[in-house]
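Colleague: model this:
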Amino acid sequence: MRVALLSIVLAACGGGSNTDGGTHTDIDAFAGPIHCEIDSDCATYCNPGSMLCCAPANPPYEICGDHIDQDCDRADTSCGDTDRDNFQACRPGEDPTGGVCDCGDTRGDVHPMAPEQCDGIDNNCDGRIDENAQCCEACAALGTERDRGDICTTDGQCDCSTVDGIGPCPPGQTCCVSGCVDVTNDINNCGFCNAMCTRSSDGCIDRECRCGTNPPCDLDALCSAGACAM
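Modeller: Residues are numbered from 1 along each chain as shown. A predicted model of the protein is given here:
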């Protein structure tokens with residue numbers, strides 16, 4: 001009887017399966033919600049909105065538009081998608097900062113995944129307006145090196161958001177996801193951000209992937225120490 005009761009309690013708490021297929025019986029199962037990656041980790045299923053095992057008793061009601069399935073029916077109640085951009089509208093009074101809902105449900109070009117435009121509208125629902133570098137006069141003032149920054153701060157400064165502090169990258173460098181880099185010789189950002197050279201090259205020279213000082217090797221040939229090898 002005690003074993004059966006324990007199984008019921010674990011299921012109610014979102015108890016899941018160990019990697020060997022057994023049921024969670026350790027004390028951590030009672031410490032709080034169980035994090036999961038796939039359905040088999042859970043007694044119910046892995047809620048994709050929260051990556052926690054779905055526990056219908058907490059809370060016992062559905063909250064619309066938050067992309068989390070509270071009542072474990074494998075669906076999040078819609079708050080509306082008037083513009084049919086596949087993003088649910090923000091609930092009245094909901095803060096859209098962080099891109100959790102559609103802050104402009106009457107416009108298809110306004111939703112959390114939309115690119116920010118220089119149009120005086122918060123296109124990507126992050127709580128900011130025209131923050132992209134192309135909308136920033138301070139970045140435009142850099143001329144041909146305006147890619148030294150990627151955002152415009154609230155006080156109008158051109159900034160590279162991927163490095164500490166406020167301000168653009170030094171002259172001659174580009175603001176990339178990995179920070180300020182020199183795209184003329186960076187093998188992971190060769191020519192422009194995120195353009196990674198393949199194994200057929202061993203370096204980046206003047207914005208082009210190279211094997212030594214020569215062009216990249218053919219097909220899947222490996223470039224090593226400036227020479228191509230199959």
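Colleague: and the pLDDT at Asp20?
Modeller: Per-residue pLDDT puts Asp20 at 41.
Colleague: then Thr23?
Modeller: 40.
Colleague: then Ser17?
Modeller: pLDDT for Ser17: 40.
Colleague: one more: Ala225?
Modeller: 89.
Colleague: that one against Asp202, yeah?
Modeller: Yes: Ala225 lies in contact with Asp202 (C-beta atoms under 8 Å); the separation is 7.3 Å. All C-beta spots, glycine's among them, are computed from the backbone N, C-alpha and C.
Colleague: anything in contact with each of these two?
Modeller: Common neighbours of Ala225 and Asp202 (criterion: C-beta atoms under 8 Å, 6 or more residues apart in numbering): Gly212.
Colleague: show me which of these two is the more surrounded one.
Modeller: Neighbours per residue, other C-beta atoms under 10 Å: of Ala225 and Asp202, the larger number sits with Asp202, 20 against 8.
Colleague: which residues does the more buried one contact?
Modeller: For Asp202, the contacting residues are Ile187, Arg210, Cys211, Gly212, Cys223, Ser224, Ala225, Gly226, by C-beta under 8 Å, 6+ apart.
Colleague: give me the element the second one is part of.
Modeller: Under the criterion of DSSP states H and E, Arg210 resides in strand 208-210.
Colleague: tell me the strands beside that strand, with direction?
Modeller: In the sheet, strand 208-210 lines up against strand 203-205 (antiparallel) (DSSP bridges).
Colleague: now do the same contact list for Pro33.
Modeller: Gly14, Ser50, Leu52, Cys53, Ala55.
Colleague: dump those residues to JSON lines, plus secondary structure.
Modeller: Shown next, in JSON lines, are those (DSSP: H, G, I helix; E, B strand; the rest coil):
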{"residue": "Gly14", "secondary structure": "coil"}
{"residue": "Ser50", "secondary structure": "coil"}
{"residue": "Leu52", "secondary structure": "strand"}
{"residue": "Cys53", "secondary structure": "strand"}
{"residue": "Ala55", "secondary structure": "coil"}
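Colleague: can you give me the strands for the chain?
Modeller: Assignment of strands within the chain using DSSP state E yields the ranges 46-47, 52-53, 151-152, 158-159, 174-176, 179-181, 203-205, 208-210, 222-224, 227-229.
Colleague: Thr144 is nearest to which of these?
Modeller: Taking C-beta to C-beta, strand 174-176 is the member of those nearest to Thr144, at 11.5 Å.
Colleague: in that closest one, what's buried?
Modeller: Buried residues in strand 174-176, counting neighbours by 16 or more other C-beta atoms under 10 Å, are found at Thr174, Cys175, Cys176.
Colleague: these two touch, right, Arg74 and Cys46?
Modeller: No: with contact defined as C-beta under 8 Å, Arg74 does not count as touching Cys46 (10.8 Å).
Colleague: these two: who's more crowded?
Modeller: Neighbour totals were compared for Arg74 and Cys46, and Cys46 leads with 20 against 11 (other C-beta under 10 Å).
Colleague: beta partners of the more buried one?
Modeller: Here Cys46, judged by DSSP bridges, has bridge partners Cys53.
Colleague: so who does it touch?
Modeller: Cys36, Glu37, Ile38, Asp39, Leu52, Cys53, Cys54.
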